[in-house]
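Participant: Structure, please.
(chains A, B and C)
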Amino acid sequence: MNSFGFEIQKDNTIEYDKNDLSLAAFVLRHEPSLYNCIQCGSCSGTCPASAISSYQFRKMQLLMRRGETKHLREDVAHCMLCGKCILVCPRGVNTRNVIRQIRIALNMN
Amino acid sequence: MRALKKEVVIIGGGPAGLEAADSLNKLGHAVTILEKEGKPGGKLSNWHKLFPDNVSADGILKQMVHKISGDIQLITNVKITKISREGTKHSVWFNEGKCIQAEAVLVAVGFDLFNASLKEEYGYGIYDNVITSAELESMFTGQKSLATVTGKTPERIAFIHCVGSRDEKVGFRHCSSMCCVTGVKQAIEIKKRLPAAEVMMFYMDLRMHGRFYEDLYLEAQEKHHIQFIRGRLSESSENPDGSLLLKADDTLAGSPIKVKADLMVLLLGFVPTDFHRKMGEEFGVEIGSDGFFSPCDAHLDTNSVKTNGIFVAGACTGAKSLEYTLADARSASLKIHEFLLQTTSANILN
Amino acid sequence: MKFNLFVLPFTIGLLVLFSILTAKYIRWFLSLSTDQRDAVIKNFFTLKTLSGLREIFLESLLHRNISRKNRLLGYMHMSLAFGWFLLIIVGHFESYSYFKTALEPPYIPIFLRYFQQDSLADPLQVIYWFVMDLILLFVLSGVALAWYKRHNRKHFGMKKTTRHLPADRIALSVLWFIFPLRLLAESITSAIYGGGSFLTSGLGSLLENNIASDLSFIASWWAYSISLGLFFVFLPFSRYMHIPTELVLIMLRNWGATKYTGKIDGITQFEVHSCSSCGICLDSCQLLELGHANIQSPYLFRNFRGNKLSDTVVQNCLMCGRCETTCVVGIKTNSVRRAIRQNSDVEVNHDYLRHVDTSFNSSPDVLYFAGCMTHLTPGIKKSMQAIFKAAKINYALVDEDQNICCGRPMMLSGLAEQSLAMVNKNKELFENSGAQTLVTSCPICYKVFRDEYNLNIEVLHHTQYIDRLMKEGKLALAKSEEQVVYHDPCELGRNSGVYDEPRRVIAALANLSESPANREKAWCCGGSIANAMLTSLEKKELAISALGKIVPKNTMTLVTACPLCKKTFASTGKHINIVDIAELVAVNLSAGKDKRRIWMFEKIESASI
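Facilitator: Numbering: from 1, shown residues only, chains lettered A, B, ... in the order given. Reported below is the predicted structural model:
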């Protein structure tokens, strides 16, 4: 194998026009309160799973809405469903149903 | 014009009430201000300095109170029980049976600061070193010392934006619009007094919409090295030494953040008063979804309400800076003057 | 030969019914867990069988539980069930006394009057006729009431009633026809051949001249037999399946074989098929206030039976357990729903828990697990710490900095198997501590620690623990004149049976008034973690409605014992103090000592709910 001593830098641009947004559309259709998110991070700041893992609800759903769903399956598996996020969300997003809908969408895919 | 002298009652002796009293008096009307506290000034009395130019709140207030003279009567320690109307006359009842009659009533009751204990996860009233923006002002004015409860000089102070604002979970969806700049102003003041202290602001969006507000923001960064962390505070807990552990999502960094702070300042939102609800329920004054009074027209007539003879001014129609509160009070005075002229000419014709 | 072709519909129907029942029941019995099956075998030849039979008599025939809800409704069910039962039993005796043999085909006692055409009126026969007429009248009164109930359910103490499926409607109509047709057949028989007593003979004499004929005679017996046969054929496919199934369920329950296994098993099947869709539970469901119909337990069970489960009917439930307490059959609605929700396909990955350190550097006597929700109600946490300190307890706060969820929210959401990593990690943490007692402030955690963790450590909710400290005289408290009302959290009250300890603690500190809907009848605050479908506005609506029903006039303070209830009620923005029992105690402890800040009992001029 040829080794050039460097790796091609991964392009981290969100190719919005190329990304598949159908998963996000499914989740938003079944839990439209997600549209109300203002990215304040109350959910991920209080999340007990976020405190001890790479999981972050806010970031996960934002990436999903940009069509970046590569890590969605492994991310959403981290949730403990404790429900703290729902209690702190200032916009009344039904976060637990977002999780549920993502799981439903992934099993469908 | 003296012959047209009319009685106007102003409910609330804060900046809006005082400014309107002065204008109405200059337009030739007799004004009575009903103030619930023992002295006029409203929330301005407890404030130290004003944004964006750091003028003394006390100085401004003194100039305003100085104008109470002549045909302006100030009654303090008032508790209003009822407002009624017969023909064009309004009767305002207060303090067990006292009554004052007027042709027009200006409601200038301002706002309440959000009761921070309702946002329980922030620990106000539970953890000793969680204070409100109002309490910080009283530290600046010297009524309290700028220190932790144990008297220690705080090394790190965290400001929390949007406490009681933009939060469905406490029932207030609206942006109070004044807390952002208040927080930045207070943070700068702290740095002036305690240059060694580290100050950080937990915010969702910094809404520096007024003239020179952005300059204040820049000053906070440039001169005072204040840290701005974009993330709403999620919860706080108390360390054994009385300091606080703050948990939030540092959204721009993309990771949860834990920070220790010696003092935590909650920037309280503007919320409607009990009087708003009363006026709505008992006198049919229209209340908006945020609980504040809704004037007849949000653009063309910001001081009238649907009930004839009742007017509104200042922060009781939604959060306003002092500058806009005073302008609104003057605008209301003109509106009331026009109204009184009309009723007079109507009476003459009859 | 005692036979006529008209007995065929009945006989065939009966055979079909028995074959289907046998097939189904065998299948369900085979899907019992080993524990459940062992319980049946172990307890079969014991007194438990007798007590099961006694319960069957009291419930399935006399309908004692329904009578407690509403006497008219109870009478209706009793007249139909017990009356029918008597018709069969007394019919057998009558048949025996007539034919002097017990070895008749099963249709003989049912159609006895047809085969008695040439009977002579001996005194015993006259008594039988009289008794049988009396029983038939008793049953017919039930049919009349049932018919009346369809149109006037309010007289039966029910606001709502279930909407039925076509099979149910057919079975119901057929059922209504059975006894009037029997009356008709027996009356015509009486008109033509004599016999019968006050009812059949009386009606017979009215029919004698115009209706009674050879044709109407045989036609009426055919009609009666067809209605019976149809009912039997429809029974296994309609809600009337509950009639035989409930008998089995009662026996299984008495044998101690109904222990919840976490998945759909034979017991789930027996429970689901024991639901008669009577609808008595409907009025207890708070989701109806929001207009969420067709998702309540009877609908869940029916859709399960018909294999037509929708996501909404499975998920849209608070699992508050209110319906369970009103179910006259005693179906464990929450357990059944949990079993139906169980979904092993959902991937969950909690490997990150491996890195959580579970070692202890202190050796506490008591562990305090605040719980996820309690971190959002620090007033409760700080109060508990003050109480531990005042009682001089050697305790450790286990979830100070980070915490692992107890697992119950996942279990309630159908991810019980997937929650095991969390459960095991928490167990490891508790057991490493060497403590004897685990105290938690969250009823959700309490329920699962106590009932599903199998811990060697005693588990107490903080209300129970405070009650114990007070009994031991470890807390110096004084009663105040504050007027308070207590709200039973679902998970602590109905779902864990803790009702008295919180009341004892409150009564020692304040004047406790009870809301009309307390204890097992308590309302859910609406914040339940078991429901992922309600919007935040709907939850708020439920909370406002519940507050209005719980808090009596002139009471400014609502005391609860659950951080989730506290948070949910607080978010209504209503002018009322919402405090936890722990806070009530902590304020009492510090009264007079620390007046600097007290985070409750601020003066509220007027409650506005």
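
Participant: Just the residues contacting the longest helix that chain A contains, thanks.
Facilitator: Taking DSSP state H as the criterion, chain A has its longest helix at helix A:95-108. For helix A:95-108, the external contacting residues (Cβ atoms under 8 Å, 6 or more residues apart in numbering or on different chains) are A:23, A:26-27, A:30-31, A:33-34, A:43, A:57, A:61, A:64, A:72-73, A:76, A:79, A:81, A:83, A:85-86, A:89, C:311, C:315, C:345-347, C:413, C:529, C:532-533. Quick note: C-beta positions are derived from backbone N, CA and C, even for glycine.

Participant: Which of those are buried? Put it as a PyMOL command.
Facilitator: The PyMOL command for the buried members of those (criterion: 16 or more other Cβ atoms under 10 Å in any protein chain shown) is given here:
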select buried, (chain A and resi 23+26+27+30+31+33+34+43+57+61+64+72+76+79+81+83+85+86+89) or (chain C and resi 315+346+413+529+532+533)
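
Participant: follow-up on the earlier one: just the buried positions in the longest helix of chain A, please.
Facilitator: Buried, per 16+ other Cβ under 10 Å, within helix A:95-108: A:95-106.

Participant: Get me the contact residues on chain B for chain A.
Facilitator: Chain B has residues B:121, B:162, B:166-169, B:204-205, B:230-235, B:247-251, B:254-257 near chain A, with proximity defined as Cβ under 8 Å from any Cβ of the partner chain.

Participant: which ones among the residues you listed come in contact with chain C?
Facilitator: Applying Cβ under 8 Å from any Cβ to the residues of chain B next to chain A, those adjacent to chain C are B:121, B:168-169, B:235.

Participant: What is the most widely separated pair among those?
Facilitator: The most widely separated members of these, counting by Cβ to Cβ, are B:168 and B:235 (17.3 Å).

Participant: more neighbours, those two?
Facilitator: residue B:235 (22 against 17; other Cβ atoms under 10 Å in any protein chain shown).

Participant: That one - that's part of a strand, no?
Facilitator: Yes: counting by DSSP: H, G, I helix; E, B strand; the rest coil, residue B:235 is found in a strand.

Participant: what is it paired to in the beta sheet?
Facilitator: residue B:247 (DSSP bridges).

Participant: Could you check how far it is from residue C:235?
Facilitator: 57 Å (Cβ to Cβ, to the nearest Å).

Participant: next one: residue A:67
Facilitator: Residue A:67 is 54 Å from residue C:235, by Cβ to Cβ.

Participant: what residue of chain C is the furthest out?
Facilitator: residue C:209 (53.2 Å; Cα atoms, centre = their mean).

Participant: Model confidence for whichever residue of chain C sits closest to chain A, exactly?
Facilitator: Closest approach between chain C and chain A, counting by Cβ to the nearest Cβ: residue C:536, at 3.3 Å. pLDDT, residue C:536: 93.

Participant: Leaving out the residues flanking it, which one is nearest to it?
Facilitator: Of all residues not flanking residue C:536 in the chain, residue A:92 sits nearest, at 3.3 Å (Cβ to Cβ, 6 or more residues apart in numbering or on different chains).

Participant: In this structure that neighbour contacts residue B:167, no?
Facilitator: No: using Cβ atoms under 8 Å as the test, residue A:92 is too far from residue B:167 to be in contact (9.7 Å).

Participant: So for the two, which sits in the more crowded spot?
Facilitator: residue B:167 (25 against 19).

Participant: Next, the contact list for that one, please.
Facilitator: A:90, B:119, B:173, B:269 are the contacts of residue B:167 under Cβ under 8 Å, 6+ apart.

Participant: Can you flag which of the residues you listed belong to strands?
Facilitator: Per DSSP state E, strands hold no members of the contacts of residue B:167.

Participant: Show me which residues of chain A sit near chain C.
Facilitator: Neighbours of chain C within chain A, by Cβ under 8 Å from any Cβ: A:33, A:46, A:48-49, A:51-55, A:73-74, A:77-84, A:86-89, A:92-94, A:96-97, A:99-100, A:103-104, A:107.

Participant: From the centre of chain C outward, give me the first residue you hit.
Facilitator: Most central in chain C (Cα atoms, centre = their mean) works out to residue C:324, at 2.4 Å.

Participant: same for chain B: which of the contacts of helix A:95-108 are within range?
Facilitator: Restricting the contacts of helix A:95-108 to those near chain B - Cβ under 8 Å from any Cβ - leaves A:43, A:89.

Participant: Looking at the ones next to chain C among the residues of chain B next to chain A, spot the one nearest chain A.
Facilitator: Closest to chain A, out of all of these and judged by Cβ to the nearest Cβ, is residue B:168, at 4.4 Å.

Participant: Against residue B:162, how distant is the closest one?
Facilitator: Applying Cβ to Cβ to residue B:168 and residue B:162 gives a distance of 12 Å.

Participant: what does residue A:32 give?
Facilitator: Taken as Cβ to Cβ, the span from residue A:32 to residue B:162 is 24 Å.

Participant: The two: who's more crowded?
Facilitator: Neighbour totals were compared for residue A:32 and residue B:162, and residue B:162 leads with 28 against 12 (other Cβ under 10 Å).

Participant: pLDDT below threshold where in the chain?
Facilitator: All of this is about chain A. A:1-10, A:108-109 (pLDDT under 70).

Participant: ah, I was thinking of chain B
Facilitator: In chain B, residues with pLDDT under 70: B:1-5, B:345-350.

Participant: at 90 instead, please
Facilitator: Applying pLDDT under 90 to chain B flags residues B:1-6, B:67-71, B:82, B:84-89, B:96-97, B:143-144, B:278-284, B:307-308, B:342-350.

Participant: Repeat that for the stretch 501-609 of chain C.
Facilitator: C:515-517, C:552-556, C:573-576, C:587-609.

Participant: can you pull out the helices in it?
Facilitator: C:536-550, C:563-570, C:581-590 (DSSP state H, counting those that start in this stretch).

Participant: and the second one, is it in reach of chain B?
Facilitator: Yes: under the criterion of Cβ under 8 Å from any Cβ, chain B is reached by helix C:563-570 at C:566-567, C:570.

Participant: Which of those has the largest number of neighbours?
Facilitator: Taking other Cβ under 10 Å as the neighbour criterion, residue C:566 ranks highest of these with 28 neighbours.

Participant: and whichever strand or helix holds residue C:367, how far out from the chain's middle?
Facilitator: For residue C:367, the element it lies in under DSSP states H and E is strand C:366-369. Centroid separation between strand C:366-369 and its chain, computed with Cα atoms, centre = their mean, to the nearest Å, is 33 Å.

Participant: just stretch C:284-300 next, same as before
Facilitator: The answer for stretch C:284-300 is 14 Å, by Cα atoms, centre = their mean.

Participant: and that stretch, anywhere near chain A?
Facilitator: No: figure legend: stretch C:284-300 not in contact with chain A (Cβ under 8 Å from any Cβ); closest approach 14.3 Å.

Participant: For that stretch, list every residue counted as buried.
Facilitator: Buried residues in stretch C:284-300 (16+ other Cβ under 10 Å): C:284-287, C:290, C:292, C:295-300.

Participant: what does stretch C:163-174 give?
Facilitator: C:164-165, C:167-168, C:170-172, C:174.

Participant: so who does whichever residue of the stretch 301-450 of chain C sits closest to chain B touch?
Facilitator: At 4.3 Å from chain B, residue C:376 is the closest residue in the stretch 301-450 of chain C, using Cβ to the nearest Cβ. When contacts are counted by Cβ under 8 Å, 6+ apart, residue C:376 touches A:46, A:84, A:87-88, B:120-121, B:235, C:563, C:567.
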